[in-house]
Each structure stands twice: as C-alpha cells, then as structure tokens.
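A.B. asks: Need a 3D model of the following:
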Amino acid sequence: MDRKRFETVQMKKRIYSFLMAFLIVAVETGIMAYVWVVYYNTELPKAYYFWGHVFISVVYMLILFLASIMYSGLKIGSYRMLELLFSQAFSTVLTNILFYAIVCMLAYHFPTPVPVILATFAQGICIGAWIFISTVIYRGLFPPLDVLLIYGGNHKDVFVEKVKTRRHQFNITKAVSHKTDIDEIKHEIDDHEAVFLWDVESGIRNELFKYCYENSVETYVMPKIMDIILKGSQTLHLFDSPLLLTKSSPIEAEQLLVKRLFDILFSLLLIIILSPVMLLTALCIKLYDRGPVLYKQIRLTKGNKEFYMYKFRSMIVDAEKDGRARLATKNDPRITPVGAVIRKLRIDEIPQLFNVLTGSMSFVGPRPERPDIAKRYKLKMPEFTYRTKVKAGITGYAQIYGKYNTMPYDKLKLDLYYIENFSVWLDLRLIILTVKIIFSMSSTEGIKEGNMTALFEDEDDE
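C.D. replies: Below you'll find the model as predicted:
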C-alpha cells in the first residue's frame, strides 16, 4: 500500500468536500440576498445600501453554515443522499425562519413571508441538484476505503451489517480474528487502506493500534468503557509527568444549578405552548378505546432512585398484564393506531415535561430505564449502573445518535460520553439536534420480535 498516495487522496477528499460545502452555502445565500434586496429592503423604515446588504448576506451565510454543520448537511461522501437532503433542507428551513424573524424586527411589522417561502423552494431544488451531482462526482473520484476488519467478542456480523449501510464509504474486503497470529495481522494491515478494530482485547488492540499509528494507517477503534471515561478526564500538569483526573462527580455544582434553572424555565414554556397538542392527543386516545389517557411507569433516575414517569398511552390497556417488562418490538400488536402516530411524532413523550418540572428528570440525560430491565442489563454489563450518575433525560446523546433498538452496550457508551463530556453548550446542541431526530422515523425502530430487551442474549435468559 502506497501510504503517501493514500494521504494525497485523503487531502483531495477534504478539499473537494470543502469546495462543495462552500458552493451550496454561497448559492443559498445568493438566493436569499436577492430576496432581501428586491423585496424586504423596501419594507424597512430606512433602506439599506451596499454594505448593509453585504452585512445581512454575511450574517445569513454564517447562520446557514453553522446550522448545516450542526445538522451534518454538508458531509458529501460521508452520508447517503437522502440523509444529506433531509439534513441540509432542515438546516435551510430553520435558517430562513430565523432570517424572517430578523426581517420582522428590522421592519417593525410583519412583511409577507411569501418571498421567503418561494426562496426556500428554490433553495430546495438547488440542494437536491447539488447533492446528486456532487455525490456522483465524489463517488466517481474517490472509491470506498479498502478496510481490514480485526474483530473479537461476539456479534461481528451485526457490526458488518452496520458498515454495509455506508458501503459508499467503507468496503470490508477482509475480516480476521484478533486471535490470529499478530505478525500475520500486521501483514494484512500493510495491504489495506484502513483498519477497523472491533471489540479487540486491550493488550492486542494496543499493539495493533501502535503499529497502525506508526505506519500512518487510518484506524477506527470501537472504544471500551474505560476509553470513554478517560476521554472526559481533565489533563493535569502537577509534575513533569501528565496526569488524567476523573472526578467523583462528573458535573460541577454551578453547572447543575444552570441545568436545573434551564429545566424549570424551558419545561414551563413548552407546557404552555404544547397544551393544545396535549389536549388533542388526550381526546384522541380517550375516544379510541375509552381507556386511560396517561400511562405511568416506574423508572430509574440519578442514584438509581425510582420515580413515576408519565407518557401518553400508546398501547392497548393492560399491555403488560402478565407483569413482565418488555420493550416494543417491530410491528408490535400492542400499539394502537393512535399510539403508532404519537410514537412516530414523539408526542407520547410530552407528559415527561412535568417530570422535568418536578425535578425527577432533566431535558438532557440518559434515557430512564425500568428497574427490572436495568437489572437484566446489569447481569450482562455491571457498568450499566454508571448511567445513573446524572438525572435521566427526555433526550440525550444515546437517544440522538442511537435508535430504540440500539444494543444496550452501545447506548451505555453513548451515555457515558455525554456524562464525561458534559457542558451547557452540549446540552443546547443536543436539544437542537432533537428537533431533527423527531422527524427521523428510523430512530423509533423496535427491537427484535420475541425479545424482552435489546440484548441479543434474551433468548438464553428465558
């Protein structure tokens, strides 16, 4: 493998992606700048001129660029076309709503939104064309990486299936067990562009990682629990040797105060705004089968403390009359027609705003788990209890980057990443990303039919 040639190709990928990102942001900004100059500038008490138009255009471009990065709408080559289309279109709509709000403030009244709406449609056409053309060119210029998979543990095939969803980006041409002779593995590494280290034992992983690093091989590593905790550690230089500090409490007292104040104010605001939606949902549930509107369930929050979590009922009455806790499965017959709609739109989660207001939950945090299911998870993963170092949340890192049926071990790592890297900015970012996830139906996929939890080993536990 010619490493210098490979590095040159990677640099060309980054340059191409940057130029394509700049192109679409510039085109969208140009469309909205035209709308501003021709339509909205005349609505102002005092019209803007050249530098004023430049200022408005730059502000719009920066907002669109930041929104596009937030929602991953510019990652040509990394995501599928439909994912990019949804992400960039969503970023554009949000930016245009904010742009119209700025116009209203500058004009001191509400100008017609028609020009913005028409411009949004024009931008959508440009986005679609940009994604198709730039992606086709990218895939023609840059074929998927030739990847060597070095695996350990169980469920290798599950990981391979996940990689296949990114076949335009990665091509696993060979898979070897970490139990293979180490020199033979290193020889295979030399013949591939990139390496996946999936669930490899720590000692072997360290040696292989050092070999890849020394030879400039792109390496994708599935982190262990300890890796994620250490990643959130604080670097200290008390001596001439660097130290990593993992604090007993991952969130500082002042951060907890800000987080709690935000929870109170934001939950009150949303309860007021969403009250019509809650009333309509309650009416639909009641009219369908005359059963109770709300469903309460014991869940775990900070310190493994139990509390009642409230949701709009989406299943038939007595869905778990046998007393056994189980997650929803694909095409679960217990879900009512009304429930199917409110689950997809996440409306069933709205009553948890009252849990946030009373302090048993937060807006952002690990998903609250049921005690009996958490007990089953802990038998397989003793570290599962680490999630309860912070309050449970309506949304969170695992809820956004995982799915309903994501393996518990993967969810645990996502939750721990959030806990160990907490910041107020991260909370705000996750809340903003939640708006996009609400419209992503794949994140509501159920678990495998016949399982009570998302563990593959459920069949063995029966």
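
A.B. asks: which residues are contacting stretch 234-247?
C.D. replies: Ile229, Leu230, Gly232, Ser233, Glu420 (CB atoms under 8 Å, 6 or more residues apart in numbering). In short, each C-beta sits where N, CA and C put it, glycine included.

A.B. asks: what's the farthest-apart pair in the residues you listed?
C.D. replies: Leu230 and Glu420 (8.4 Å; CB to CB).

A.B. asks: okay, the two: which has more neighbours?
C.D. replies: Glu420 (19 against 13; other CB atoms under 10 Å).

A.B. asks: where exactly do the strands run in the stretch 151-300 of the chain?
C.D. replies: Remark: strands assigned in the stretch 151-300 of the chain by DSSP state E, counting those that start in this stretch are 170-177, 194-198, 218-221, 234-236, 243-245, 294-300.

A.B. asks: quick one: contacts for the closest residue to Ala175 other than its chain neighbours?
C.D. replies: Spatially, and ignoring its direct neighbours in sequence, Ala175 is nearest to Leu149 (4.1 Å; CB to CB, 6 or more residues apart in numbering). Neighbouring residues of Leu149 by CB under 8 Å, 6+ apart: Lys156, Phe159, Val160, Val163, Ile172, Lys174, Ala175, Val176, Val195, Phe196, Trp198.

A.B. asks: and what of Lys231?
C.D. replies: So Lys231 contacts Pro223, Tyr417, Glu420, Asn421 (CB under 8 Å, 6+ apart).

A.B. asks: One more: Glu369?
C.D. replies: Taking CB under 8 Å, 6+ apart, one finds Arg299, Leu300, Tyr377, Arg387, Ala392 in contact with Glu369.

A.B. asks: which one of those sits closest to Met105?
C.D. replies: Ala392 (38.1 Å).

A.B. asks: burial count for the closest one?
C.D. replies: Burial measure for Ala392: 27 neighbouring residues, criterion other CB under 10 Å.

A.B. asks: got a pLDDT number for it?
C.D. replies: Here, the pLDDT recorded for Ala392 equals 95.

A.B. asks: contacting residues around it?
C.D. replies: Counted by CB under 8 Å, 6+ apart, Ala392 has contacts 299-302, 309, 360-362, 365-369.

A.B. asks: Torsion angles phi and psi at Leu44?
C.D. replies: phi -80, psi 150 (degrees, to the nearest 10).

A.B. asks: Tell me who's in contact with it.
C.D. replies: Leu106, Ala107.

A.B. asks: what's the longest helix seen in the chain packed up against?
C.D. replies: For the chain, the helix that runs over the most residues, judged by DSSP state H, is helix 3-35. When contacts are defined as 3 or more CB pairs under 8 Å, 6 or more residues apart in numbering; DSSP states H and E, helix 3-35 sits against helix 50-70, helix 81-107, helix 114-141.

A.B. asks: which one of those helices is the most hemmed in?
C.D. replies: The highest average neighbour count among those, using mean count of other CB atoms under 10 Å, belongs to helix 81-107 at a mean of 18.

A.B. asks: Could you list every helix and strand that that helix packs against?
C.D. replies: Partner elements for helix 81-107 (3+ CB pairs under 8 Å, 6+ apart): helix 3-35, helix 50-70, helix 114-141, helix 424-438.

A.B. asks: returning to that earlier point: of all the contacts of Ala392, which two lie farthest apart?
C.D. replies: That would be Ser362 and Glu369, which, of those, are the farthest apart (CB to CB) at 15.0 Å.

A.B. asks: any idea how far Met381 is from Phe170?
C.D. replies: Remark: distance between Phe170 and Met381 (CB to CB, to the nearest Å) = 27 Å.

A.B. asks: Pick out whichever of those two has more residues nearby.
C.D. replies: For Phe170 versus Met381, the count of surrounding residues by other CB under 10 Å is larger for Phe170: 19 against 15.

A.B. asks: helices and strands of this structure: which one has the lowest mean pLDDT?
C.D. replies: Every helix and strand in the chain was compared by mean pLDDT, DSSP states H and E; the lowest is helix 458-461, with a mean of 40.

A.B. asks: Now Tyr151. Nearest residue, chain neighbours left out?
C.D. replies: Trp198 (4.6 Å).

A.B. asks: Hmm, that neighbour is touching Thr219, no?
C.D. replies: No. Using CB atoms under 8 Å, Trp198 makes no contact with Thr219, being 11.4 Å away.

A.B. asks: Compare those two (neighbour count), which wins?
C.D. replies: Applying other CB under 10 Å to Trp198 and Thr219 shows that Trp198 carries more neighbours, namely 22 against 16.

A.B. asks: Now for the more buried one: which residues touch it?
C.D. replies: Leu149, Ile150, Tyr151, Gly152, Gly153, Lys156, Phe159, Met222.

A.B. asks: Report the separation between it and Ser68.
C.D. replies: 31 Å.

A.B. asks: any chance of the helices and strands packed on helix 3-35 in a markdown table, plus mean pLDDT?
C.D. replies: Output for the helices and strands packed on helix 3-35, formatted as a markdown table (pLDDT from 0 to 100):
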| stretch | mean pLDDT |
| --- | --- |
| helix 50-70 | 94 |
| helix 81-107 | 93 |
| helix 114-141 | 95 |
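
A.B. asks: In TSV: those helices, plus distance to Arg334.
C.D. replies: Output for the helices and strands packed on helix 3-35, formatted as TSV (distance: least, CB to CB, whole Å):
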stretch	distance to Arg334
helix 50-70	36
helix 81-107	30
helix 114-141	39
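
A.B. asks: Nearest to Ser248 among those would be which one?
C.D. replies: helix 50-70 (32.4 Å).

A.B. asks: quick one, the closest one and helix 3-35 angle?
C.D. replies: Going by axes from the mean of the first three to the mean of the last three CA atoms, to 10 degrees, helix 50-70 is angled at 130 degrees with respect to helix 3-35.

A.B. asks: low pLDDT regions in the stretch 251-400 of the chain?
C.D. replies: 319-331 (pLDDT under 70).

A.B. asks: need the helices for it, in chain order.
C.D. replies: For the stretch 251-400 of the chain, the helices defined by DSSP state H, counting those that start in this stretch cover 253-273, 275-289, 337-344, 352-358, 371-380, 397-401.

A.B. asks: Deepest in the core, which of those is it.
C.D. replies: It is helix 397-401: most buried of these by mean count of other CB under 10 Å, with a mean of 22.

A.B. asks: what's the angle between the next helix or strand after that one and helix 424-438?
C.D. replies: Following helix 397-401 in sequence order, the next helix or strand is helix 408-420 (DSSP states H and E). Between helix 408-420 and helix 424-438, the angle comes out at 140 degrees (the same axes, to 10 degrees).

A.B. asks: Show me how far helix 408-420 is from its chain's centre.
C.D. replies: Centroid displacement of helix 408-420 relative to its chain, using CA atoms, centre = their mean, to the nearest Å, is 12 Å.

A.B. asks: then it to CSV, C-alphas only?
C.D. replies: Backbone C-alpha positions of helix 408-420 (Å, rounded to 0.1, in the frame of the first residue of the first chain) are rendered in CSV as follows:
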residue,chain,number,x,y,z
PRO,A,408,-27.5,-1.6,25.4
TYR,A,409,-23.7,-1.7,25.4
ASP,A,410,-23.6,0.9,22.6
LYS,A,411,-26.2,3.0,24.4
LEU,A,412,-24.2,2.8,27.6
LYS,A,413,-21.1,4.1,25.8
LEU,A,414,-23.0,7.0,24.2
ASP,A,415,-24.5,7.9,27.6
LEU,A,416,-21.1,7.8,29.3
TYR,A,417,-19.7,10.0,26.6
TYR,A,418,-22.3,12.6,27.5
ILE,A,419,-21.7,12.3,31.2
GLU,A,420,-18.0,12.6,31.0
